[in-house]
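Just a sequence and a predicted model for now, questions to come.
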There are 2 protein chains.
Amino acid sequence: MKIVIPLYDNFTALDVIGPYEVLGKLPGARTVFAGAERRVYKSDTPTLGIAAEMAFAEIDSADVLLVGGTGHIAQVTANPPLIEFVKRIHPTTTWTTSVCTGALALAAAGVLDGVEAVTHWGAMDVLGRLGAIPVHERVVVRGKIVTGAGVSAGIDMALTLAAKIAGEAFARALQLALEYDPQPPFDAGSPAKAGPELVKIVAELMAPAMAAPPTP
Amino acid sequence: MKIVIPLYDNFTALDVIGPYEVLGKLPGARTVFAGAERRVYKSDTPTLGIAAEMAFAEIDSADVLLVGGTGHIAQVTANPPLIEFVKRIHPTTTWTTSVCTGALALAAAGVLDGVEAVTHWGAMDVLGRLGAIPVHERVVVRGKIVTGAGVSAGIDMALTLAAKIAGEAFARALQLALEYDPQPPFDAGSPAKAGPELVKIVAELMAPAMAAPPTP
């Protein structure tokens, strides 16, 4: 089972590492980090870099395509190599998946036209403008397309997918192995729980990156 | 604020990427991935590699030391460069922290002698044998030492620490930005919740790596 994870500049590391940690442990799984070029891509929180071991051009299919997001949404909405890669690989997949604003790359590739999907709460309107039908759920499964909400939702998305691929018993074993028994010290993980004042502060903090042009 | 994250062969990626995503966004934060040598270290789920940009020898202090774990516990209990690094840096820190079996490196360095701490559920007995007092909590704060339970607990640990460093309002903003509103599809994240049968299966799956000698 080939799990292909595209990288690009300013990707959010936890978006892809959460699901990678789950899906990479499935029986027969082989994860491939790929990029427009074979090189190290830097994440949007300095200074982590992950190496793309393969170039997009070297890949012609995937069993699972996993597109993570970024705080810099032009990196997914105005990124021709990534969008072309999604368009080309999606027809070959068993599962096409995204976390956070990775859904915007799927939408930009036409994969989500008229399809219910979720993204980071701060990008739900963009998702709708790109042709998807935004649904406010943690994980949305529609046919072979599985989308997760913001950043940390990738773990929930991946466990949901793991159960579909390898059965619920195996998914539960993975959950135990990762000791995924979340106990957040605060209850501010969604706009509804955080309240309008905090939402406004965080949306303003995120705004410059959301609006920035893509890195050349 | 310098946040130093040691890497070593067979590290568990999510152990360090969860907290990195939280702590790396604190005001003035600078994260440094470091290793015994400047090179790429491969994680314990193939095929992710993260580059250590600095060698241990180039670092003489840290504000936050964050030691992640591994399924291959000899990599933390029998790893002289890592253990010496923890011994040397711990006296300089404001916070010395661990996730998962990273606590075993702190214990092997003597940092946890007689100190209450937590690690992955499958390594609590080893933690005790190394001189710490195992405590079955998600996050344990004792003075400047903060330990988290297995793998995914790093996110809870980091949000707890973020509140101590930058205040609860800021930690809540980070939680919202990461949309950390966990909704695991199953309830099997701890031994108590998973039940003895699943615990036995997972413990047996983990056993070979737990017992393996360190990578040279």
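Right, received. Where do you want to start?

Can you show me the helices along chain A?
With DSSP state H as the criterion, chain A has helices at A:13-23, A:74-77, A:80-89, A:102-108, A:124-129, A:153-166, A:168-177, A:191-194, A:196-211.

give me the low-pLDDT residue ranges for chain A?
Within chain A, the segments meeting pLDDT under 70 span A:215-216.

I'd like the helices of chain A as a markdown table, with distance to chain B and mean neighbour count appended.
(C-beta placed from N, C-alpha, C; glycine too.) Output for these, formatted as a markdown table (distance: least, CB to the nearest CB, whole Å; neighbours: other CB atoms under 10 Å in any protein chain shown):
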| stretch | distance to chain B | mean neighbour count |
| --- | --- | --- |
| helix A:13-23 | 4 | 29 |
| helix A:74-77 | 16 | 24 |
| helix A:80-89 | 18 | 18 |
| helix A:102-108 | 13 | 29 |
| helix A:124-129 | 11 | 17 |
| helix A:153-166 | 5 | 25 |
| helix A:168-177 | 4 | 22 |
| helix A:191-194 | 4 | 18 |
| helix A:196-211 | 5 | 14 |
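
do you know which of those helices lies nearest residue B:20?
helix A:13-23 (6.7 Å; CB to CB).

next one: that closest one to chain centre, how far?
With CA atoms, centre = their mean, to the nearest Å as the basis, helix A:13-23 stands 9 Å off its chain's centre.

re the thing from before, out of the helices of chain A, which comes closest to residue B:127?
Of the helices of chain A, nearest to residue B:127 by CB to CB is helix A:168-177, at 17.6 Å.

Alpha carbons only: can I get that closest one in CSV?
The C-alpha atoms that make up helix A:168-177 are tabulated as CSV, following Å, rounded to 0.1, in the frame of the first residue of the first chain:
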residue,chain,number,x,y,z
GLU,A,168,-11.7,-1.5,13.6
ALA,A,169,-9.7,-3.9,15.8
PHE,A,170,-6.4,-2.8,14.1
ALA,A,171,-7.3,0.9,14.3
ARG,A,172,-8.0,0.5,18.0
ALA,A,173,-4.6,-1.2,18.5
LEU,A,174,-3.0,1.8,16.7
GLN,A,175,-4.8,4.2,18.9
LEU,A,176,-3.5,2.4,22.0
ALA,A,177,0.0,2.2,20.6
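
What helices and strands are in contact with that helix?
helix A:153-166, helix B:191-194, helix B:196-211 (3 or more CB pairs under 8 Å, 6 or more residues apart in numbering or on different chains; DSSP states H and E).

Could you rerun that using 6 Å?
helix A:153-166, helix B:196-211 (3 or more CB pairs under 6 Å, 6 or more residues apart in numbering or on different chains; DSSP states H and E).

Is it possible to get TSV of the helices of chain A that adds distance to residue B:139?
Below are the helices of chain A laid out as TSV (distance: least, CB to CB, whole Å):
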stretch	distance to residue B:139
helix A:13-23	18
helix A:74-77	33
helix A:80-89	37
helix A:102-108	29
helix A:124-129	31
helix A:153-166	17
helix A:168-177	19
helix A:191-194	20
helix A:196-211	22
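
who wins for proximity to residue B:34 among the ones you listed?
Minimum separation from residue B:34 across these (CB to CB) falls at helix A:13-23, 16.9 Å.

which residues make contact with the closest one from outside it?
A:3, A:5, A:31, A:43, A:48, A:66, A:68-69, A:99-100, A:151, A:154-155, A:158-159, A:162, A:174, B:13-14, B:17, B:21 (CB atoms under 6 Å, 6 or more residues apart in numbering or on different chains).

ok and that helix relative to helix B:153-166, angle-wise?
160 degrees (axes from the mean of the first three to the mean of the last three CA atoms, to 10 degrees).

what does stretch A:97-109 rub up against?
A:15, A:66-70, A:73, A:76-77, A:82-83, A:86-87, A:112, A:117, A:119-120, A:123, A:127, A:130-132, A:146-148, A:150-151, A:154.

And it, end to end?
13 Å (CA to CA, to the nearest Å).

Could you do stretch A:124-133 as well?
Using CA to CA, the two ends of stretch A:124-133 sit 9 Å apart.

again with stretch A:49-69
Taking CA to CA as the measure, stretch A:49-69 stretches 15 Å from start to finish.

who touches that stretch?
Against stretch A:49-69 from outside (CB under 6 Å, 6+ apart): A:1-7, A:11-12, A:15-16, A:19, A:32-38, A:40, A:42, A:85, A:89, A:92-102, A:105, B:49, B:51.

PyMOL command to pick out the buried ones of those?
Listed next is the PyMOL selection for buried residues among the contacts of stretch A:49-69, using 16 or more other CB atoms under 10 Å in any protein chain shown:
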select buried, (chain A and resi 1+2+3+4+5+6+7+11+12+15+16+19+32+33+34+35+36+42+85+89+93+95+96+97+98+99+100+101+102+105) or (chain B and resi 49+51)
